[in-house]
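> below is the sequence, then the predicted model.
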Amino acid sequence: MPNKDRMNFMARHSAFSPYRLMRRETGFGTPIGAGDAMARSLYCGMKPIASWDCEQANALPTGGVFNLEFSPEGTLLVAACEKKSIQIFDPLTHQRIHSVNAAHSDCVNCVKFLDGRMFATCSDDTTIALWDIRNMKKKIRSLSGHTSWVKNIEFSFKDKLLVTSELNGSIYTWDINSYTECNLVYQRVFHASGLMRCRLSPDARQMVMCTTGGLLVIIHNLNLSTLAQDLHGFKPNLYRLMQTSHQLIPIAALYDHLFDEKRKENRIEFVSDFPDGNDAKVVSSLQIHPLGWSALSRNISHDDRSEWSCIHDIQASGEPSDKSTRDWRRAQAPPPPRRPPPRRSLRRPRPRVARPLRPQTSVTPAGEAPSSSDRQIERDSDREEEPEAGPSTSRIEPPSPSNGSSSTATSSRLGGGLSSIQNDVWEASITIKQHRVLQELYSRGVGRNFNMQRIMGINTGIAPPTAMRPRALRGAVARLLPHAHHPHLAPHADLSPVSLPSTSGETPSGERANSCDDEWETRHYIRQNRDRLLYYIEETNEGKGFIKELCYSADGRLVCSPFGRGMRLLALNENCSELSHCVQNNNGPKPMVDVGQSLGIHQDLVVSSKFNPRYHMLVTGCLEGKIVWYEPYSGEAMY
């Protein structure tokens, strides 16, 4: 359709056109594309129509409006405020109907409605509060269990569980229908270092997390009741390091079965593709499409000079396909030098006690020069000093006893060797440093009998690719896991390509060495991530350090993005079409289209936004405590 004809069609079928009403009155059907014309006329005509702040209401200061949430019917609006209060408004009259000035003992971060009358709030005071809109004089119950600032609340309608996440990376579930005398029954189901936001899809079949490492983690076919057991000990940052460095980390490779396309529950997928020029240092904001089709996120680049909003596809793939859903990359391993087999000695070698390395708290990324802390690690390992106790920044606790007896058994198995490595960064440092040292040794002609393998491989559980042999793995795993078979190793994981160096110093000889090398080259791969990016746009970098909460419209056609002291409306194309109509002929990521702006409406940085789920209404909140309502305005020509 020519551009002029398309514009005429959009004008005739807009929401304010009498022609559209006349066609409906005479019984004519809706032509294809009329829905886009109506949505475009409504969204592009959104203008600020009312505002509220504490000064004009002669109320106590509220501080920044960190979160805005509508009730499912769209008849109530609750604002989570910085100065420990929650404000409740009538969206249609734009009037405040109730205020709770001491809702928490610290700033309120998030609001989530459980049904039409009950909602939950979370705060930096590490608690969650349940409220009934019919009686706001006091909270129904205060939930205690978190140890850090609680930043996010989700509710699974399928499981009737409240899902909360805190700043130190722990995710908890709360059974609101089962409670004790002091608290609800709760359980910690997962821990991810650097966790920022945790969201559930509308049908609670997917959980999406974003981290400070520029990573989106998707859990497909979510089962919250078994999540703690299935993901016990799994560290996303460590697995991601194995992907980016192409160096095998056995303690991370043990959880490769979680990424299997044939897995029926709690399948993991990483999303790490971002537009050119955006390396996504911190993914700070996250929202899910109203139909669960995509994830909307906002991230900060590594140099802190730009911010980007991105839309990624999060739908589970259909039938497993090696070409479309399983992108593997062969692990890089320098070929070890061929050495003659050692002569057998009648004297049994004396076993050497390996000493663990000192935990470190920093790591040099792959491809960069080693820092002073990395060089200190090498000097400490060469001198074989005694270890010193250091703090653990990402300790993973075993699941609560409510998981069943299996959790205790699993914890005892891992306690021998694998669970002793508690710092993701330390593990990464050891892996990168070990590979660098062994490559240097092999280049000088030093064989696999070198003691560094025993010092590092056995005590850390991390071995270089060149030293991994199937026979040595069985002995190492037997030492690290002295009890029954590890639940994560069988039947999902194959141990043969993930081996540890031998403590006896024996080098495979002749045909056995050749077969081991061939087996490594043909069987072991490091799983890579699919490209999921659909749309993107660069944002203003005003207000560094603050999280700006984006939002989807109720039909998913539009995105509201805080933009400095105002907001702008972003669509997938100029017609404000739905995602399902836009991606049919999509050959790669495309930039989003700016269809409307309202700048300078607030006196301070806008940090929150929300669309009404039932009406064409939008609200934004800023750090000064001002709330602005936007509705379609037909007083001026739209085309």
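Alright, I've got the coordinates. Predicted, not measured: the structure shown is a model, and the values here were computed from it. Numbers count the residues shown, from 1 in each chain.
> quick check: bridge partners of the closest residue to L599 other than its chain neighbours?
Distance criterion Cβ to Cβ, 6 or more residues apart in numbering; nearest residue to L599, sequence neighbours excluded, is G566 at 3.6 Å. Where you see a C-beta, it was placed from the backbone N, CA and C, and this is true even at glycine. Here G566 sits in beta bridges with F563, going by DSSP bridges.
> the one 5 residues further on too?
Counting by DSSP bridges, A571 forms beta bridges with L558, V593.
> CA atoms of stretch 168-180 as CSV?
The C-alpha coordinates for stretch 168-180 follow below in CSV (Å, rounded to 0.1, in the frame of the first residue of the first chain):
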residue,chain,number,x,y,z
ASN,A,168,22.2,-10.3,47.5
GLY,A,169,20.8,-12.7,44.9
SER,A,170,18.5,-15.0,46.9
ILE,A,171,15.0,-15.9,45.6
TYR,A,172,12.3,-17.0,48.1
THR,A,173,8.8,-18.5,47.7
TRP,A,174,6.1,-17.9,50.3
ASP,A,175,2.9,-20.0,50.6
ILE,A,176,0.2,-17.5,51.5
ASN,A,177,-2.3,-20.3,52.3
SER,A,178,0.0,-22.2,54.8
TYR,A,179,1.4,-20.3,57.7
THR,A,180,2.7,-20.9,61.2
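> list the buried ones in it?
168-176 (16 or more other Cβ atoms under 10 Å).
> ok, back up a step: contacting residues for the residue nearest to L599?
By Cβ atoms under 8 Å, 6 or more residues apart in numbering, the contact list for G566 reads 597-602, 606, 620.
> what about 7 Å?
By Cβ atoms under 7 Å, 6 or more residues apart in numbering, G566 lies in contact with 597-602, 606.
> same deal with M207?
198, 200, 219, 222.
> which one is it nearest to, not counting chain neighbours?
Of all residues not flanking M207 in the chain, I219 sits nearest, at 4.3 Å (Cβ to Cβ, 6+ apart).
> how about A39?
Spatial nearest neighbour of A39, excluding adjacent residues (Cβ to Cβ, 6+ apart): C576 at 4.7 Å.
> that neighbour reaches D36, doesn't it?
Yes: if you go by Cβ atoms under 7 Å, C576 and D36 touch, sitting 6.0 Å apart.
> picking that back up, hang on, the residue nearest to M207 packs against N266?
Yes: using Cβ under 7 Å, I219 is in contact with N266, at 5.8 Å.
> quick one on the thing from earlier: tell me how many other residues surround the residue nearest to M207.
Neighbours of I219 under the rule other Cβ atoms under 10 Å: 24.
> pLDDT score for it?
pLDDT, I219: 97.
> OK, contacts around it?
By Cβ under 7 Å, 6+ apart, I219 lies in contact with 206-207, 266, 268.
> mind telling me what element it is part of?
I219 is part of strand 216-220 when elements are defined by DSSP states H and E.
> Provide the strand pairings for that strand, with the direction of each partner.
Strand 216-220 is paired, per DSSP bridges, with strand 206-211 (antiparallel), strand 267-271 (antiparallel).
> that older thread, got the contacts of G566 as CSV, with neighbour count columns?
CSV is the format used below for the contacts of G566 (neighbours: other Cβ atoms under 10 Å):
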residue, neighbour count
Q597, 12
S598, 21
L599, 13
G600, 9
I601, 17
H602, 27
V606, 30
